[in-house]
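Q: just to be clear, the model below is a prediction. Sequence and coordinates:
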Amino acid sequence: MEHSQPEAGLSEVMSYLRTEFPQFDIARIHENEDEIVLQLKSLGQVHIVRVHRSFLERTSEKEISERLTSFRLASVLRDLGNLPVALTPSGCIFM
């Protein structure tokens with residue numbers, strides 16, 4: 001299912017991350033035609049999430065939180081520490 005506003009989808013991704021990582025600052029640090037890179041930063045910890053635009057284009061806003069939960073994004077970020085994680089339509093890819 002496609003949705004027409006990737007920015008709204010990105011807001012949902014950031015909302016999920018704020019809920020899962022309340023003590024972290026979340027910033028949009030880079031973007032290009034393929035992805036938007038988010039950085040989660042707290043004392044001594046940094047996580048990077050590379051949100052592929054294809055994920056935002058193929059996932060409706062109301063499905064995003066459910067998909068991120070099923071992808072175990074928060075657990076993956078905690079387990080991998082500072083290794084970047086790419087968020088794609090098919091799941092998380094460890095970079």
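A: Here it is on my side, so go on.

Q: and the strands in the protein?
A: With strands called from DSSP state E, the chain shows them at 25-31, 35-42, 45-52, 85-88, 91-94.

Q: okay, those strands in a markdown table with mean pLDDT next?
A: Formatted as a markdown table, those follow (pLDDT from 0 to 100):
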| stretch | mean pLDDT |
| --- | --- |
| strand 25-31 | 96 |
| strand 35-42 | 97 |
| strand 45-52 | 96 |
| strand 85-88 | 96 |
| strand 91-94 | 90 |
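
Q: now the ones you listed as a markdown table including distance to Leu17?
A: C-beta here means a position set from N, CA and C on the backbone, and glycine is covered the same way. As requested, these are exported to a markdown table (distance: least, CB to CB, whole Å):
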| stretch | distance to Leu17 |
| --- | --- |
| strand 25-31 | 5 |
| strand 35-42 | 6 |
| strand 45-52 | 7 |
| strand 85-88 | 10 |
| strand 91-94 | 13 |
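
Q: so which of those comes closest to Glu7?
A: strand 35-42 (9.4 Å; CB to CB).

Q: what are the contacting residues of the closest one?
A: Residues outside strand 35-42 that contact it (CB atoms under 8 Å, 6 or more residues apart in numbering): 10, 13-14, 17, 21, 23-31, 46-53, 56, 77, 86.

Q: same deal with stretch 63-75?
A: For stretch 63-75, the external contacting residues (CB under 8 Å, 6+ apart) are 1, 9, 12-13, 15-17, 20-21, 49, 59, 85, 87, 91-92.

Q: of those residues, which is the most crowded?
A: Taking other CB atoms under 10 Å as the neighbour criterion, Leu87 ranks highest of the contacts of stretch 63-75 with 26 neighbours.

Q: now do the contacts for that one.
A: Contacts of Leu87 by CB under 8 Å, 6+ apart are 13, 49-52, 55, 68, 71, 73.

Q: dump the residues you listed to JSON lines, plus distance to Gln39.
A: Formatted as JSON lines, these follow (distance: CB to CB, whole Å):
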{"residue": "Val13", "distance to Gln39": "13"}
{"residue": "Val49", "distance to Gln39": "8"}
{"residue": "Arg50", "distance to Gln39": "10"}
{"residue": "Val51", "distance to Gln39": "12"}
{"residue": "His52", "distance to Gln39": "16"}
{"residue": "Phe55", "distance to Gln39": "18"}
{"residue": "Leu68", "distance to Gln39": "17"}
{"residue": "Phe71", "distance to Gln39": "19"}
{"residue": "Leu73", "distance to Gln39": "15"}
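
Q: many thanks, I have nothing further to ask.
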